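S.K.: Return a 3D structure for these sequence lines:
(one chain, ligands or ions: 1)
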Amino acid sequence: MTKQTTTSPEWASGSAVRSRFNSIVFGYDFWSKITESDALKRALEFADIRDGMHVLELASGTGRFFRWVVHANPQGINVGIEISGGMIQSTLKKLNGESSHHWNIIQGDIRALPLQRHHWDRVVGNYVFDLLPREGILPVLKSMAPLLRREGKLVISTMAHGNRWYHKAWEGIANRFPQLLTYCHPIAIASEMEKAGFGVQRQDFISQNTFPSEVTVAVPTESSNQGQQNPTTLQEEYHA
Ligand SMILES: C[S@@+](CC[C@H](N)C(=O)[O-])C[C@H]1O[C@@H](n2cnc3c(N)ncnc32)[C@H](O)[C@@H]1O
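M.R.: Below you'll find the predicted structure:
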């Protein structure tokens, strides 16, 4: 039986998430380079972004992936949603000098996105669903389906369960010392995506320097694509 990871009760609050990620901005790119960058490359491949598309990145972080998106889609529409102001500043520095101006980072919470329905060709979320409290994953996934266009795709990377002892060691750290991994915990995202009304097209397991990840691509079913989204307000807007 899989042991359930504990998540902090404060984790549900946006201000707690913001201050936690503001405090790790400087080390995050190094962590990502040694543990998550292979999965991010796979996510880019799965997303199959072509110029002119409408692409939404959930929790765009320091902008590593977002910069690749803008390079792949210089004439399209590229929007990142990110809760932490510190992370957004890091993205703005990375994108300073980009020749494409077809991008925008919005400070907001992926749990409440007032975005246009049937507008996006790709929605990508790397290492953010594994931060949400378990009971919070399904509602956010369900709110993604109506955002996508009919042929649109949802691509998600997460920390995953794995079979090797070192994968289980990471799971042990997530369970026993959740603060060390900023409450990141392994999840089985494919089954959650299916419960949310997506059809999973492909999933790859990637172990980078022992850290276990899964990258999953899925399309919404007809009925989930017609559903409702949560109307709320975004906070501040950042523009190039
Ligand atoms: C582990 S980092 C991943 C960043 C980026 N996606 C990547 O793969 O490099 C998680 C990011 O999610 C952001 N985040 C966490 N909860 C969020 C939420 N509810 N809404 C928007 N962003 C959130 C954090 O501020 C942080 O930048």
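
S.K.: what about the helices in the chain?
M.R.: Using DSSP state H, the helices of the chain run over 14-22, 25-35, 37-47, 64-72, 85-95, 134-144, 165-176, 189-195, 222-225.

S.K.: Which one of these has the poorest average confidence?
M.R.: Here the lowest mean pLDDT among these goes to helix 222-225, at a mean of 78.

S.K.: how far is it from where the chain is centred?
M.R.: Distance, stretch centre to chain centre, for helix 222-225: 21 Å (CA atoms, centre = their mean, to the nearest Å).

S.K.: How about stretch 214-225?
M.R.: Using CA atoms, centre = their mean, the offset of stretch 214-225 from its chain centre is 15 Å.

S.K.: can you pull the buried residues of it?
M.R.: If you call a residue buried by 16 or more other CB atoms under 10 Å, then stretch 214-225 has these buried ones: 214-220, 224-225. To be clear about C-beta, it is placed using only N, CA and C from the backbone, and glycine gets the same treatment.

S.K.: right, and residue 170 touches residue 213 too?
M.R.: No - using CB atoms under 8 Å, residue 170 is not in contact with residue 213, being 10.1 Å away.

S.K.: which residues are common contacts for these two?
M.R.: Both residue 170 and residue 213 are in contact with residue 159, where contact means CB atoms under 8 Å, 6 or more residues apart in numbering.

S.K.: So for residue 54, which of the helices of the chain sits nearest?
M.R.: Closest to residue 54 of the helices of the chain is helix 64-72 (CB to CB; 11.1 Å).
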